[in-house]
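Student: okay, predicted coordinates and the sequence, questions at the end:
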Amino acid sequence: MEATMKLGLVLASLLVSTAAYAQAPGDGDEGTGAPGMVAPVAAPVVVVPPPPVRRWSIGLGFGSMGLHPHDAPDGTQDTQFGIGQLAVRYLAGRHLEIELTLGGGREKLEDGSQGDREVNEGVLAARYRFSPGQRWNWWLMFGMGSLGVTRHDATKDEKDAASQSTMQFGVGLERRWTRFALQLELRAVGVKANDTATMPVKGTVTDAGGTTTMPIPPPEPDTTTSLGNGNGMAGGQMVLSGNYYF
């Protein structure tokens, strides 16, 4: 009988210990971590918006232009000009950029002094940019506009009369930072013959029979200041510029 009572007491002690362990803090349905610890919470995902696309830019550059008459491609009649350039550009698409450039400058002689002639041009061009938005970018361009060579002291009317159609092809390279960029561009320049140099103009002639209208031969070209004598020109230009995006 005494042995049976001892066995009952041992079994009762085991049941109490098992129940106490099952109800220990941290082991219930309230959590799976160790006592006193909080379950980790996932950090929120922060979405950074892309930088704004800067479509407009303005550039200031300087460089050189060489021109010769179409009938003298051997370089014996090359004329060099030092030029400055202002450009306004608009990014119409991811790769396509529209550009308007105005430029001009004085003739540079072999001894480094300035000559009597100057060149002026205005060109509307399209650029295809291969790596837009990257630090290094390059492009191909095609443009059309007007170009004229006159005396440096010519009047506005004389400059307008000397303007000839120009077609230009080029390639360029850009190193860009956030808003500022350096650009180097090379262009091949072709200038159409000036039709006004050979087209007869109409004038009035008074004779005994009255006043009549008849063609008057154009004046001889000024060979001291003109290039190609109205027969067209060809050459190239190189411009290094700083460009600001906004």
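Tutor: Thanks, I have it.
Student: do a quick rundown of the strands in the chain.
Tutor: Applying DSSP state E to the chain gives strands spanning 56-69, 79-91, 96-108, 114-129, 136-151, 164-176, 180-191, 201-207, 210-216, 233-245.
Student: can you tell me which of those has the worst average pLDDT?
Tutor: Ranked by mean pLDDT, the strands of the chain end with strand 201-207 at the bottom, a mean of 48.
Student: CA atoms only for stretch 119-138, dumped as CSV, please.
Tutor: The C-alpha atoms that make up stretch 119-138 are tabulated as CSV, following Å, rounded to 0.1, in the frame of the first residue of the first chain:
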residue,chain,number,x,y,z
VAL,A,119,31.4,84.5,-92.9
ASN,A,120,27.9,84.4,-91.5
GLU,A,121,25.5,81.4,-91.3
GLY,A,122,22.2,80.2,-89.9
VAL,A,123,21.4,76.5,-89.9
LEU,A,124,18.4,74.5,-88.8
ALA,A,125,19.5,70.9,-88.1
ALA,A,126,18.3,67.5,-86.7
ARG,A,127,20.5,65.4,-84.5
TYR,A,128,20.1,61.6,-83.9
ARG,A,129,21.6,61.0,-80.4
PHE,A,130,22.7,57.4,-79.8
SER,A,131,23.1,57.4,-76.0
PRO,A,132,20.8,60.1,-74.6
GLY,A,133,21.1,60.8,-70.9
GLN,A,134,24.4,59.1,-70.6
ARG,A,135,27.7,60.7,-69.6
TRP,A,136,29.2,60.0,-73.0
ASN,A,137,27.0,60.5,-76.0
TRP,A,138,27.5,60.9,-79.7
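Student: tell me the buried residues in stretch 169-182?
Tutor: 170, 172, 174, 176, 181 (16 or more other CB atoms under 10 Å). Heads up, the C-betas are built off the backbone N, CA and C, glycines and all.
Student: hmm, who's touching stretch 149-159?
Tutor: By CB atoms under 8 Å, 6 or more residues apart in numbering, the surrounding residues in contact with stretch 149-159 are 67, 79, 106-107, 114, 116-120, 148, 162, 225-227, 233.
Student: next: stretch 165-181.
Tutor: Stretch 165-181 is contacted from outside by 54, 57, 121, 123, 125, 127, 134-147, 182-192, 242-246, using CB under 8 Å, 6+ apart.
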